[in-house]
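Chemist: Using only what follows, build the 3D model:
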Amino acid sequence: MRQVSDRLKEALALRDITGAELGRRCGINKGTISRYVRGEVIPKQNTIYQISQALGVSPAWLLGFDVTVDGDPVAEIDINLLTDNNRELLLAYYKALIDAQEASRGKS
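Modeler: Residues are numbered from 1 along each chain as shown. I've put the predicted structure just below:
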């Protein structure tokens with residue numbers, strides 16, 4: 001399970017906001033947010049909820065559980081169970097998603 005600080009860093013990058021902006025959105029001192037990001041302090045449950053709402057992410061995801069950023073369970077698949085053709089299609093689709101994501105980041 002990933003640490004809250006790791007997920008918080010990821011969410012800040014995903015939403016392209018600073019810790020100071022997150023603090024303003026939540027009414028939390030930016031120094032406290034910085035301590036959460038560095039992993040010095042783990043936020044209390046109600047603070048996790050506030051932060052998750054401000055960032056538009058699932059509280060379970062923020063806590064490091066194996067769910068998507070929206071809170072949906074992560075489906076595990078064994079790619080080796082796919083036929084060669086379907087494996088190639090899946091990998092091509094995955095590569096296209098990554099390329100599109102990188103292209104959209106380059107445009108912002």
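Chemist: show me where pLDDT drops low in this structure?
Modeler: Regions of the chain meeting the criterion pLDDT under 70 cover residues 1, 73-78, 107-108.
Chemist: Can you name the residues in contact with the helix or strand harbouring residue 85?
Modeler: Residue 85 belongs to helix 84-107 when elements are defined using DSSP states H and E. The contact list for helix 84-107 (Cβ atoms under 8 Å, 6 or more residues apart in numbering) reads 79-80, 82. C-beta: built from backbone N, CA, C; applies to glycine.
Chemist: Among the residues you listed, which one has the most neighbours?
Modeler: Highest neighbour count within these: residue 82, with 14 neighbours (other Cβ atoms under 10 Å).
Chemist: Find the nearest non-adjacent residue to that residue, please.
Modeler: Distance criterion Cβ to Cβ, 6 or more residues apart in numbering; nearest residue to residue 82, sequence neighbours excluded, is residue 90 at 6.5 Å.
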